[in-house]
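> show me the folded form of this:
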Amino acid sequence: MGDFHQFGVVTTLHQLNQRPLEQLEDDLLQFRKQKPMALVLPSLYSELEGPALNSIVDEIARVPYLDQIVVGLDRANESEYRAALQFFDRLPQQPDVLWNDGPRLRKIDKLLQQKGLAPLEAGKGRNVWYMFGYILASGKAQTVALHDCDITTYDRSLLARLIYPVANPNLSYKFCKGYYARIANNSMNGRACRLLVTPLLRALKKVCGPNDYLEFLDSFRYPLAGEFSLSRDVIEDIRIPSDWGLEMGTLSEMHRNYATNQICQVDIADTYDHKHQELSLDDRSRGLSKMSCDISKSLFRKMATQGEVFTQEKIRTIKASYYRIALDLVDSYHSDAAINGLNYDMHTEGSAIEVFAENIMQAGNEFLDPEQSMATPFMPSWKRVISAIPNIMDMLLDAVEADQREYGQGASYNVATHPKVIQLRQQTEELVRGIYGEEQVLHVTDRIFDTAPLQIKAIQSTPDLNKWDEDDVLVITYADSIKRQGEAPLKTLYEFSQRELKQSINNLHILPFCPHSSDDGFSVIDYNAVNPELGDWHDIEPFRKHFKLMADLVLNHCSRESEWFKNFCTGTQPGKDYFIDGSKFNDLSRVVRPRSSPLLSSVNTVDGEKEVWCTFSEDQVDLNFANPEVLLEVIRIVQLYLDQGIRMFRLDAVAFLWKKDGSNCIHRPETHEIIKLLRLIIEHLEPSAILITETNVPNKENLSYFGNGNEAHLIYNFSLPPLLLHTLLSGDCRHLKRWMMSMPPARRGRAYLNFIASHDGIGLRPAEGLLSESEQEDLIKTIRRFGGEISMRRTPQGDLKPYEANISLYSAMAGTIAEGQDNRQQERFICAHTIMLALEGLPAFYIHSLLATENDRDGMAKTGEPRSINRHQWSADELQDALDDSDRHHKAVFDELRRRIEIRRKQAAFHPNATQYTLHFGQQVFAFWRESLDRSQSIFALHNISSKPQSIALVGINLIATEIWHDLLTGDLYDQNNTHIELPPYGCVWISNRI
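Below you'll find the model as predicted:
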């Protein structure tokens with residue numbers, strides 16, 4: 001663990017704890033939206049043949065936030081360039097490879113030579129200079145990181161820490177230098193820095209006197225590190241040396257152009273090692289010996305530009321001072337090595353100092369030589385190059401693209417050997433093993449990879465870790481909830497959504513739109529088609545312009561009228577083995593059901609009569625996932641939906657997916673493995689995709705579908721609707737508050753979907769264990785009094801128990817349990833949705849809640865189905881009249897809910913994963929505190945859930961006196977003059993320190 005000491009004039013960013021890499025990358029994925037990021041890799045062709053770069057590329061392939069990678073390839077002929085294109089082709093970021101020795105870039109170099117602008121010598125500096133030019137030409141990145149290609153201890157956390165300070169839009173850094181401890185093979189490395197740069201800087205300060213530039217350089221813990229990041233505007237202005245002075249020269253340029261508060265250094269690795277340069281004691285033209293000469297000259301040049309006068313005598317004095325300081329440091333390093341148990345060769349260290357001392361003298365002599373006084377030590381800035389050759393950027397782009405086009409055609413990479421593909425296959429095999437057993441692992445996995453383009457997608461895709469924020473609000477609707485004579489309902493719905501919803505809603509769940517035979521779409525005949533009575537796929541496409549679309553994967557069952565079931569009856573494929581013969585089960589006594597209809601239904605087949613399994617109804621026949629072909633069919637459907645722009649998948653009735661003789665046939669381990677597998681596949685096919693499980697079961701069972709962060713991204717908060725309804729009808733929030741305190745916060749990457757009404761009824765089973773039997777009975781009686789119905793389920797013991805309440809939510813809010821109907825229906829209804837909007841999670845509105853639709857008793861009578869009471873179909877013209885009429889409650893509710901939604905979407909404290917704490921103000925006030933992820937915003941959400949006014953002392957909320965507090969809903973200001981908050985019946989406040 002690093003210390004927290006700040007030394008010198010440059011900010012040091014330490015590694016004070018082991019922050020998970022996933023969190024860093026999560027942040028960087030957010031920063032990327034404002035500041036796209038690039039990585040430049042200066043590489044010799046010989047490095048492609050070594051072990052370091054191969055490992056580096058494997059690590060970079062897993063980096064999710066890079067928008068661009070540029071490789072500068074030196075010392076490569078044509079065949080080697082072709083090999084390099086193939087080598088880097090496995091990177092999903094599709095890197096651009098600059099062939100510096102190729103004829104096209106050589107031609108550009110020749111043009112620059114004629115203008116006196118070309119780098120004078122080959123090397124890393126020249127390579128980096130051209131890559132920087134290409135970064136500017138391509139215009140893809142605002143933040144750029146650079147590191148070497150010979151790092152043998154590389155992992156991608158190094159890059160994340162290196163680029164973070166410049167990429168973070170909340171920080172002000174233009175340049176960041178990496179540093180690290182140079183310990184490897186139980187020895188100290190980094191001789192050029194330890195034995196040359198540090199003592200030379202201190203010798204220069206001693207001989208030349210105090211100097212801002214020297215203080216600046218001496219602030220860096222490892223000034224020779226080849227790893228740094230910088231912003232795009234720095235690249236435009238910077239001049240860099242072409243020799244070994246690149247790292248020091250870059251620091252010199254940063255000192256010349258920028259304030260020190262725009263520069264930092266960051267600890268990027270616990271261990272770091274790379275290819276070591278030879279000391280070359282007898283040859284100043286190579287290795288560390290040449291490096292020491294180049295670095296020394298770069299320092300002399302820089303100080304001369306600041307007015308320092310060097311003479312032969314001063315150079316000799318600097319050498320002598322350096323020598324004494326360096327030898328003293330050897331004693332320090334020896335002691336440091338001893339206490340840490342490291343090997344330390346004092347003789348070799350001393351020999352290195354002697355060589356460096358002579359090289360300092362030699363560098364001084366060369367600097368003082370009049371024949372070299374006109375040498376150009378720095379390559380020109382790209383701003384200067386562009387002013388001299390205005391079309392140089394286009395020339396660079398064309399040359400690199402032409403090279404890759406001409407020489408890359410023959411390059412091919414076996415995608416199956418890509419590390420991301422190998423990892424995906426291993427994950428898939430493990431899940432398949434848990435579902436189908438060892439004997440089917442390879443066969444089923446091969447079939448999955450044949451069914452979906454997972455290999456290429458795995459390479460190209462990067463995980464989207466932030467799939468939602470406070471801006472996300474969902475509407476749930478049938479395609480034909482709003483109809484117009486002579487118009488496809490999907491067109492009508494789009495027109496309404498585009499006109500009335502797009503300003504306040506950004507996610508849309510269109511309930512099953514496939515051809516079906518019953519249950520308003522949940523008995524699917526053909527998963528691949530849109531019900532022609534609703535429209536076609538072309539009518540779904542326009543929604544993608546304004547909304548993220550959710551569709552249902554009706555996994556558990558399909559229609560008797562489907563081709564699959566017909567083929568099951570005739571013994572043909574596909575479908576022959578797609579369904580379950582219940583007569584083969586010996587013990588069905590424990591099976592958990594959501595319905596009271598018979599579990600098994602007789603059907604005649606070519607093989608005789610069979611008893612097919614029907615969890616929900618006779619027309620909804622359960623699919624047999626024990627047959628892998630069924631799973632493969634689902635994967636094909638997923639691919640189709642992704643192609644059609646669907647990005648959210650609701651796994652309908654998924655809890656009942658797997659059947660095992662003698663078990664309860666719900667929440668089976670195989671079911672959880674199938675969900676994990678579907679998530680793995682869907683996220684690789686489309687990183688932004690979201691899985692949501694529909695499991696209308698008691699709360700603890702429901703929570704299990706988060707898995708270990710590897711199952712559902714979202715789970716429905718099924719306990720919220722009955723508890724919130726009971727709260728508003730009873731005027732008592734104790735049960736709602738107790739439940740909320742028991743709910744674990746959803747970790748980043750998963751969240752609750754909050755709703756209080758849907759196309760189904762209000763589930764009563766999720767309230768089991770939360771409400772007493774007498775409280776449930778009072779609630780049921782009140783629902784019936786307000787025109788609702790109660791659907792029943794049959795227990796394994798054969799008893800009938802309440803399953804769900806079938807009622808319009810607006811009608812359900814007509815009054816209270818104690819008093820019956822009253823005149824506060826509208827306030828009560830809006831209060832309920834205000835609570836939902838403020839809770840941790842994503843809020844979802846059923847279309848008929850937004851429209852305040854009342855019970856459709858006629859619709860229920862027409863279909864004979866209780867759920868039809870809450871599935872009204874509006875005439876588009878009648879709806880418009882209702883929403884335009886100020887005397888009708890529909891307009892008042894619709895306008896106010898949209899207003900509150902729009903307020904909610906602007907509050908960082910309402911991020912679905914923002915902190916939530918319960919507050920306690922008695923039984924009639926449901927209150928909680930939300931705090932934004934960055935802790936900049938607090939919101940105190942207080943809701944009077946009773947028909948009586950409530951007064952709350954402000955002192956009980958503990959508002960911070962130094963901040964200004966406003967009610968977001970009304971704009972009222974709260975300051976020291978206020979002592980109480982007065983809440984009218986069903987009144988709400990959202991008190992925030994930010995507007």
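
> strands of the stretch 501-650 of the chain, residue ranges please.
Along the stretch 501-650 of the chain, the stretches classed as strands by DSSP state E, counting those that start in this stretch are 507-510, 548-554, 557-559, 600-605, 608-613, 620-622, 646-652.

> and the nearest residue to Asp622 once chain neighbours are set aside, what pLDDT?
Excluding its sequence neighbours, the residue lying closest to Asp622 (CB to CB, 6 or more residues apart in numbering) is Trp613, at 4.3 Å. C-beta coordinates here come from the backbone N, C-alpha and C atoms, glycine included. Listed pLDDT for Trp613 reads 97.

> counting neighbours, what do you get for Trp613?
If you count neighbours by other CB atoms under 10 Å, Trp613 ends up with 24.

> show me what it bridges to in the sheet.
Leu600 (DSSP bridges).

> burial count for Cys831?
Counted with other CB under 10 Å, Cys831 comes out at 25.

> most distant residue from the centre of this structure?
Glu313 (61.1 Å; CA atoms, centre = their mean).

> what does the lowest-mean-pLDDT helix or strand in the chain rub up against?
Within the chain, no helix or strand scores below strand 183-184, which has a mean of 76 by mean pLDDT, DSSP states H and E. Identification of contacts with strand 183-184 by CB atoms under 8 Å, 6 or more residues apart in numbering yields Thr153, Asn189, Thr271, Tyr272, Asp273, Leu342.

> what sits up against the helix or strand following that strand?
The first helix or strand that comes after strand 183-184 along the chain, using DSSP states H and E, is strand 187-188. Where contact means CB under 8 Å, 6+ apart, the residues beyond strand 187-188 that reach it are Arg182, Arg194, Tyr333, Asp336, Ala337, Leu342, Asn343, Tyr344.

> one step back: and the residue nearest to Asp622, how close does it get to Ile295?
78 Å (CB to CB, to the nearest Å).

> which parts of the stretch 751-900 of the chain are helices?
Along the stretch 751-900 of the chain, counting by DSSP state H, counting those that start in this stretch, helices occupy 773-785, 809-812, 825-838, 847-850, 857-863, 876-884, 889-904.

> can I get these in JSON lines with distance to Phe926 and mean pLDDT?
Below are the helices of the stretch 751-900 of the chain laid out as JSON lines (distance: least, CB to CB, whole Å; pLDDT from 0 to 100):
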{"stretch": "helix 773-785", "distance to Phe926": "17", "mean pLDDT": "96"}
{"stretch": "helix 809-812", "distance to Phe926": "17", "mean pLDDT": "97"}
{"stretch": "helix 825-838", "distance to Phe926": "6", "mean pLDDT": "98"}
{"stretch": "helix 847-850", "distance to Phe926": "19", "mean pLDDT": "97"}
{"stretch": "helix 857-863", "distance to Phe926": "31", "mean pLDDT": "94"}
{"stretch": "helix 876-884", "distance to Phe926": "30", "mean pLDDT": "97"}
{"stretch": "helix 889-904", "distance to Phe926": "16", "mean pLDDT": "98"}
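
> indicate which one of these is closest to Ser938.
Closest to Ser938 of these, according to CB to CB: helix 825-838, at 12.5 Å.

> packing partners of that closest one?
On a contact count with 3 or more CB pairs under 8 Å, 6 or more residues apart in numbering; DSSP states H and E, helix 825-838 meets helix 720-730, helix 809-812, strand 842-846, helix 889-904, strand 925-931, strand 938-944, strand 988-992.

> what comes up buried for stretch 60-75?
60-74 (16 or more other CB atoms under 10 Å).

> do the same with stretch 323-330
Neighbour counts using 16+ other CB under 10 Å place Tyr323, Ile325, Ala326, Leu327, Leu329, Val330 of stretch 323-330 among the buried residues.

> in CSV: the helices and strands packed on helix 825-838, plus distance to Leu800.
Output for these, formatted as CSV (distance: least, CB to CB, whole Å):
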stretch, distance to Leu800
helix 720-730, 18
helix 809-812, 22
strand 842-846, 27
helix 889-904, 35
strand 925-931, 33
strand 938-944, 35
strand 988-992, 39
